[in-house]
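> Coordinates for the following, if possible.
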Amino acid sequence: MLHSCGGIYPLLPGLIDAGLEIIQPVQTTCKDMEPDRLKREYGRVLCFWGGGSNTRDILGLASPEAVAADVRERVAQFAPGGGFVFQQIHNVMADVPPENIVAMLDAVNT
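Numbering: from 1, shown residues only. The predicted model follows:
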């Protein structure tokens, strides 16, 4: 397992060759880290631990409904076939409305 923030897409082939099995977090807001692309190209060899909620642009700023929609879309992208552990992209900051945290967690189970 590797904790590496940012756009690590160009490094993934070498990291996988070195034995990487899990990346955490999955910062899908970074260059080349689109969920569909990651899952399509590396979903058979990597577990994605994170990427489940956009903490930069959605979680702290959007409505609970928009948070839930974002989570459902990301789960639909990462979860098929396994290899996905739900976690938001990165840390939940102190200014995130509690109702958005509830919406995020509720959406995982729908």
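> and Gln87, how many neighbours?
17 (other Cβ atoms under 10 Å). Backbone N, C-alpha and C define where each C-beta goes, glycine included.
> Report pLDDT for it.
Listed pLDDT for Gln87 reads 95.
> Hmm, it is touching Gly50, no?
Yes - using Cβ atoms under 8 Å, Gln87 makes contact with Gly50 at a distance of 4.2 Å.
> any common contacting residues for these two?
The contact sets of Gln87 and Gly50 overlap at Gln24, Pro25 (Cβ atoms under 8 Å, 6 or more residues apart in numbering).
> Which of the residues in stretch 63-79 are classified as buried?
Within stretch 63-79, the residues scored as buried using 16 or more other Cβ atoms under 10 Å are Pro64, Val67, Ala68, Asp70, Val71, Arg74, Val75, Gln77, Phe78, Ala79.
> Oh, that last question was meant for stretch 45-58, not what I typed.
Buried, per 16+ other Cβ under 10 Å, within stretch 45-58: Leu46, Cys47, Phe48, Trp49, Gly50, Gly51, Gly52, Ser53, Asn54, Thr55, Ile58.
> now the strands: where do they sit in this protein?
For the chain, the strands defined by DSSP state E occupy 2-3, 22-24, 47-49, 84-85.
> mind putting the ones you listed in CSV, distance to Asn91 included?
Formatted as CSV, these follow (distance: least, Cβ to Cβ, whole Å):
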stretch, distance to Asn91
strand 2-3, 12
strand 22-24, 12
strand 47-49, 14
strand 84-85, 16
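> mean pLDDT lowest for which of the ones you listed?
Mean pLDDT values for these show the minimum at strand 2-3, a mean of 92.
> Check which helices and strands that strand sits against.
Applying 3 or more Cβ pairs under 8 Å, 6 or more residues apart in numbering; DSSP states H and E, one finds that strand 2-3 contacts strand 22-24.
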